[in-house]
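1. I need the structure of the sequence given here:
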Amino acid sequence: MIDSPIAVIGIGIVSPIGVGRTAFWKALCEGRSGIVPVEGLARRSGFPRIAATVGEFGARDLIKSAQYRRMDRLSRMAVAASRLAVDDARLADEALAGERVGVVFGTALGNCEESVAHIERVLTRGPAAASPMVFPNLVMNAPAGYIAMEFGCTGLNLTVAQAEVTGEHAIALACDVLDSGRADLVLAGAGDELSPVVVEAYHRTRALAGQRGGREWSSPYDVHRSGLVLGEGAAMLVLEPLERARARSAAVHAVIDGTRSFAVPSPRYDWPVRAVAAQAPLSGLAAGTELICGSANSSRRLDRCELDLFADLLPAGSAHLTSIKGAIGEFGAAGALTAGAACLALGEQTVPPLCHLQTPESDAPLRFAPGRGVATELTHAIVCGVARGGSVVALSMRKS
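-> Numbers count the residues shown, from 1 in each chain. You can find the predicted model right below:
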C-alpha cells in the first residue's frame, strides 16, 4: 500500500510483438499475436510447437555500456527495455547517476540459458571448466546490476522473484520505495527468457496448451482454452513521485495510486480453485474501475479463478476485462508488460484487446475486450496478477 501517488513517466518494452512502446502498442491494438510456430523448442512428444519469442531487438544500438559483451541475453533485454524507458521519459543519463535513483527488477527464473550451459560444462569437464566471465551472470540480480551500471545508478538495487506475479510485485515494491522516500526516481520492471529447460519443466507438469486435449493455442477466458503457451520479454517503467514529476513539468503516462500484495488459499504448485479471500483486499482498489487487466493465461483453473473473482468484485458489465497473454504468452515477468499496456490504455483511451478470444465463458457477467483495441473513455484501471501458490498482486492506476 502507498500513501502518495506515483507517476509513470517512461515506458520501455521488449516483447514478442514489438520493441518500444509505440510498436508494442500498435501491434497489441491491432490484435496481433507473437505466438508462432517455433521449431527450436519442439520435443519428441511434439509439444510445444508454438511459443512467443523475442527476435532481434537491437540490443547493440540500445546498450551503451562497455558491459554489453559480458551481458547474458536476459540482461540485454532488461537493459534495452530500461534504455527505451529512459529515452521515453526524456531523461539524460546524468540525471540517473546518483544515490537517489534506484533499480527494482523482477525475474522469476533468471538467466536460464547460460546457467544450464555452465552446469553442464562443470558436470562433464570438471570445476576447472567453469568460466569466471560467465559466473557473475548466473545470479538472479545480474540484470538489476547491469541496469545500474548502464546508467550509473548507485541507489537502492533490488531483485524480485515471485513466480507469475514477479512483474506486478517488482512495480509495487518500487512504488513502496518511492513512497517511503528511499529514492527520488526508480527504474522498475521485470523480464524473463524462454529456454528449453523452462519448456521441459512446464511440459512435465502437463500445463502446456494441448497436452490434456484440445487444440494448441492461447485464448484467455475462452471456453475452449486448453493450457498456457510460453513466452518471454521485458518491460521497464520509470517511476517518480507525482508531486515531483509535476514540479518539473514531466510528461506522465499514468498514475499508480494504490497497490496490494497478499496471498489466498491455494495448492502449493497450482493456481487457486477460487480466490474469494481476495475480494476484501481488492474491493477498495476496484471501486469505479473501467478496465481490468488480468493475468489469465488460457489455463483452465487460473482463468476460471479470475472470472469468479472479478464477477463478484464488480457490478455486472461495469468494466472491460482483458489479458494480453494471448499476444505475448505466459512468463513470470509478463505482469510488467501488462502494467505497461494498462498505462498506455489510460494514456491512449483505448481498451487493449483479447487476442484469439472466440467463445467467451457465457456465465461471466463481464464485458470481455474485443479482438482489436477499441476507443473508450478510461479514468481508472486495475492490473491484477494471481500466481501459483496463491500470491496476488494488484496495481491501481488512473489517467494522469
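2. only C-alpha atoms for contact and neighbour calcs from this point on.
-> Will do.
3. chain center to stretch 235-248, what's the gap?
-> How far stretch 235-248 lies from its chain's middle: 20 Å, per C-alpha atoms, centre = their mean, to the nearest Å.
4. So for it, what gets flagged as buried?
-> Buried residues in stretch 235-248, counted by 16 or more other C-alpha atoms under 10 Å: 235-242, 245.
5. just the strands in the stretch 51-200 of the chain please.
-> When assigned using DSSP state E, counting those that start in this stretch, the strands of the stretch 51-200 of the chain occupy the ranges 101-106, 157-160, 185-192.
6. With mean neighbour count and mean pLDDT added, can I get those in a markdown table?
-> Converted to a markdown table, these look like this (neighbours: other C-alpha atoms under 10 Å; pLDDT from 0 to 100):
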| stretch | mean neighbour count | mean pLDDT |
| --- | --- | --- |
| strand 101-106 | 30 | 98 |
| strand 157-160 | 20 | 98 |
| strand 185-192 | 31 | 98 |
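7. which stretch among those strands comes nearest Ser75?
-> The stretch from those with the least distance to Ser75 (C-alpha to C-alpha) is strand 185-192; that distance is 8.5 Å.
8. which residues are in contact with the closest one?
-> Strand 185-192 has contacts (C-alpha atoms under 8 Å, 6 or more residues apart in numbering) with 74, 77-78, 82, 100-111, 166-167, 170-171, 174, 178, 232-241, 331-334, 336.
9. Okay, and the beta partners of Ile13?
-> Under the criterion DSSP bridges, Ile13 forms beta bridges with Ala235.
10. quick one: it and Leu123, what's the gap?
-> Distance, Ile13 to Leu123, using C-alpha to C-alpha, to the nearest Å: 37 Å.
11. Name the residue in these two with the higher neighbour count.
-> Ile13 (33 against 12; other C-alpha atoms under 10 Å).
12. Next one: the more buried one relative to Pro127, how far apart?
-> The value you get for Ile13 to Pro127, if C-alpha to C-alpha is used, is 38 Å.
13. Ok, Leu366 next?
-> Taking C-alpha to C-alpha as the measure, Leu366 and Pro127 are separated by 57 Å.
14. Wait, Leu239 touches Ala7, no?
-> Yes - look at Leu239 against Ala7 with C-alpha atoms under 8 Å: they come within range, at 5.7 Å.
15. what mean pLDDT would you report for stretch 3-19?
-> For stretch 3-19, mean pLDDT is 97.
16. okay, how far is it across that stretch, tip to tip?
-> Stretch 3-19 stretches 33 Å from its first residue to its last (C-alpha to C-alpha).
17. could we number from 25 for the rest of this?
-> I'll keep to 25 as the first residue from here, and by that count the last item is stretch 27-43.
18. Pull out the buried residues from it.
-> Going by neighbour count (16+ other C-alpha under 10 Å), the buried part of stretch 27-43 is 28-43.
19. Which of the residues you listed sits closest to Asp336?
-> Pro29 (27.2 Å).
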